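Novice: Here is my input, please return the structure:
(2 chains)
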Amino acid sequence: MKNLLQYIQGSRKGKEAHRLEKEAMRDPFLSDALDGYQTVEGNHVESIEAMRRRISRRTRSQRDLIAKWSIAASLLICLGFGSYFWFNREVGLSKELQSMVIQEEAVTPPLPPEPVIAQAAAIGELQEKTETMQKKAPAAAKKPEAKMRQAAPPPAPLAAAPTTAEVLSIVEDDADVAEMIVAEEVVAMDVTMGHAPIHRPEPVIGYKAYEEYLRKELIRPQDSTCKGITGTVVVEFHIDDKGRPVNLEVKRSLCASADKEALRLIEKGPDWKVDTARVIIPILFAP
Amino acid sequence: MLFFRRNISTCSDIELLQLYKETGKSDYFGELYNRYIPLLYGLCLKYLQEEEKAQDAVMQLFEDLLPKLSRYEIREFRTWIYSVAKNHCFQLLRKENPEIATDFDRQFVESYDLLHLLDKEETSDDARTAALKHCLEKLPEPQQRCILSFFMEEMSYIDIVEQTGYQLKSVKSYIQNGKRNLKSCIEKRMAQ
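Specialist: The predicted model follows:
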């Protein structure tokens, strides 16, 4: 075929040309083609290239489209996985925060040593996760991470309070999580008063089972605006004297029907042990 | 498959046909058809005699074949596309002129034996070579000259045109007629 193109383009002289012409004597297809090029004048090579381009464009567009779609699809999958892990991390964070805030709020006698250890460990863990945020931490809280982990020997109640404040303020710098920390005054108050957390309100069935309930009973919104939405709704509430959640408030909204579903889950959900502290529950609409 | 498929330009005709049948992706057939465009365009030029008509015919044939290609059992794409393309051209010609004759090239079958004989390397048959020599001398001058130049001196048509001053058309027909005359002459002699 290359010879043919050379023949069409060239002077058609010499042995190469002769060879092709002789070959054509045994090959009707080639012979017809040569006859055509010999009888009609024109820039045939250019015409051939133009037709080849048209065919390629005609057929390749389909292939490119498929390629483009598959790239888009794989990006979407990557994004999906990425956000799944990101949200998981966020929820983990929220859970820790939830216990922090609740503990801060409690207005009961000075803390026994054990919770402080637990808290310090939790903070250490949290700090690991929020290393990037740490850069923004206020000057007041300069405790290095290492020290936090060493906090194994129970620190004094007063020392524990600023530590908590530090974690909270670190997190406050993160725009995404900031909204849910409504306890700015509470933290300030606790710091000045030197109160340390002691306990968090608990579902009667325990947190593990409660989380299981949230996960299993969640009905994903199906309306056009909220269908397929992912993220976290944060709900805050009090517990009444019968152990039922009251004064529910959406602290972080995701989407109208997702918010509604989050409220429904808690409202219709398991009882709580009677407590005066506010409860903050993040509800994850996983990807 | 999409990201890791082999370069389609290295596939054989039959492989491309198979891939097109299996996947339905038109770029496989596009690649295959593109390989034959130099032959197909020349063929269409020969029968339609106009660049524009020939180009339209080549492109139209592609569009015609694309949807129904998978239905054909094709053993050899080259011979298949040749007959399909020639029919396509004849149909176009018949549309313009219904009385046109449509059998053009009988000469190929006829001249095949002769070609063997005229090949220098294959002239081992003494009787036949002698007959060839005798018949060549009996050919009319222009035919003899063209045949000798083409087969013995390995000149191209254009070379012969330049050397003899004949028209290209004439050179081709001298060779054509010369071959036919040679053939019947040799057959006569061998029968004696």
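Novice: can you list the domain ranges for chain B.
Specialist: B:8-96, B:107-191 (automatic domain parsing).
Novice: could you dump those to JSON lines with mean neighbour count?
Specialist: (C-beta placed from N, C-alpha, C; glycine too.) Output for the domains of chain B, formatted as JSON lines (neighbours: other CB atoms under 10 Å in any protein chain shown):
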{"stretch": "domain B:8-96", "mean neighbour count": "17"}
{"stretch": "domain B:107-191", "mean neighbour count": "16"}
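Novice: Lowest average confidence across the ones you listed, which one?
Specialist: Here the lowest mean pLDDT among these goes to domain B:107-191, at a mean of 82.
Novice: and that domain, how far out from the chain's middle?
Specialist: 18 Å (CA atoms, centre = their mean, to the nearest Å).
Novice: sorry, back to before: for the domains of chain B, please prepare a markdown table with the additional fields distance to residue A:25.
Specialist: Output for the domains of chain B, formatted as a markdown table (distance: least, CB to CB, whole Å):
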| stretch | distance to residue A:25 |
| --- | --- |
| domain B:8-96 | 15 |
| domain B:107-191 | 6 |
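Novice: Assign a three-state SS to residue A:229, would you?
Specialist: Going by DSSP: H, G, I helix; E, B strand; the rest coil, the secondary structure assigned to residue A:229 is coil.
Novice: Spit out the contact partners of the residue lying closest to it once chain neighbours are set aside.
Specialist: Spatial nearest neighbour of residue A:229, excluding adjacent residues (CB to CB, 6 or more residues apart in numbering or on different chains): residue A:255 at 4.9 Å. The contact partners of residue A:255, taken as CB atoms under 8 Å, 6 or more residues apart in numbering or on different chains, are A:221, A:225-226, A:229.
Novice: Number of residues surrounding whichever residue of the stretch 151-287 of chain A sits closest to chain B?
Specialist: Residue nearest to chain B within the stretch 151-287 of chain A: residue A:287 (25.0 Å; CB to the nearest CB). The tally of other residues near residue A:287 (other CB atoms under 10 Å in any protein chain shown) stands at 17.
Novice: just to revisit the earlier point, check the contacts of residue A:255 for burial and list the buried ones.
Specialist: For those, a neighbour count by 16 or more other CB atoms under 10 Å in any protein chain shown gives the buried set as A:221, A:226.
Novice: just to revisit the earlier point, can I get the domains of chain B in TSV with distance to chain A?
Specialist: TSV is the format used below for the domains of chain B (distance: least, CB to the nearest CB, whole Å):
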stretch	distance to chain A
domain B:8-96	3
domain B:107-191	3
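Novice: Among the ones you listed, which comes closest to residue A:278?
Specialist: domain B:8-96 (61.2 Å; CB to CB).
Novice: Now do the closest one: distance to the chain's middle.
Specialist: For domain B:8-96, the distance to the chain centre is 15 Å (CA atoms, centre = their mean).
Novice: what's next to whichever strand or helix holds residue B:21, contact-wise?
Specialist: Taking DSSP states H and E as the criterion, residue B:21 maps to helix B:13-23. By CB under 8 Å, 6+ apart, the residues outside helix B:13-23 that reach it are B:8, B:11, B:25-26, B:28-29, B:31-32, B:35, B:69-70, B:74, B:77-78.
Novice: What sits closest to residue A:31 if chain neighbours are left out?
Specialist: In space, residue A:31 is closest to residue A:24, 3.9 Å off (CB to CB, 6+ apart).
Novice: show me the contacts for the one you found.
Specialist: Residue A:24 neighbours (CB under 8 Å, 6+ apart): A:30-31, A:33-34.
Novice: Dihedrals phi and psi, it?
Specialist: phi -60, psi -20 (degrees, to the nearest 10).
Novice: now the helices for chain B?
Specialist: Per DSSP state H, chain B carries helices over the ranges B:13-23, B:26-48, B:51-68, B:77-96, B:107-118, B:126-138, B:141-147, B:157-164, B:168-191.
Novice: Pick the one among the contacts of residue A:24 closest to chain B.
Specialist: For those, the nearest to chain B is residue A:33 (2.7 Å; CB to the nearest CB).
Novice: got the phi/psi numbers for residue A:255?
Specialist: phi -170, psi 140.
Novice: now the helix or strand hosting residue A:75: mean pLDDT?
Specialist: Taking DSSP H and E as the criterion, residue A:75 maps to helix A:44-105. For helix A:44-105, mean pLDDT is 73.
Novice: Just the contacts of residue A:24: which are in strands?
Specialist: Counting by DSSP state E, no part of the contacts of residue A:24 is found in strands.
Novice: so which of these would you say is closest to residue A:240?
Specialist: residue A:33 (93.2 Å).
Novice: Touching, that closest one and residue B:42? I think so.
Specialist: Yes: counting by CB atoms under 8 Å, residue A:33 touches residue B:42, with 2.7 Å between them.
Novice: shared neighbours, the two?
Specialist: Joint contacts of residue A:33 and residue B:42 (CB under 8 Å, 6+ apart) are residue A:4.
Novice: quick one: whichever residue of the stretch 51-200 of chain A sits closest to chain B from residue B:189, how far?
Specialist: Ranked by CB to the nearest CB, the top residue of the stretch 51-200 of chain A for proximity to chain B is residue A:59, at 3.2 Å. For residue A:59, the distance to residue B:189 (CB to CB, to the nearest Å) stands at 56 Å.
Novice: Could you list the low-confidence segments of chain A?
Specialist: A:1, A:61-67, A:88-199 (pLDDT under 70).
Novice: which stretches of it form helices?
Specialist: A:2-9, A:14-26, A:28-39, A:44-105, A:113-129, A:131-134, A:145-149, A:157-173, A:175-178, A:184-193, A:207-217, A:256-267.
Novice: List the contacts of the last one.
Specialist: The one in question is helix A:256-267. A:213-214, A:217-221, A:223, A:225-226, A:229, A:231, A:233, A:235, A:237, A:245, A:248, A:250, A:253-254, A:281, A:283, A:285.
Novice: Which neighbouring residues are in contact with residue A:4, exactly?
Specialist: Per CB under 8 Å, 6+ apart, neighbours of residue A:4: A:20, A:30, A:33, B:38-39, B:42.
Novice: at 6 Å instead, please
Specialist: Going by CB atoms under 6 Å, 6 or more residues apart in numbering or on different chains, residue A:4 touches residue B:38.
Novice: next one: residue A:33
Specialist: B:39, B:42-43.
Novice: Hmm, the residue of the stretch 151-287 of chain A closest to chain B is touching residue A:230, no?
Specialist: Yes: counting by CB atoms under 6 Å, residue A:287 touches residue A:230, with 4.3 Å between them.
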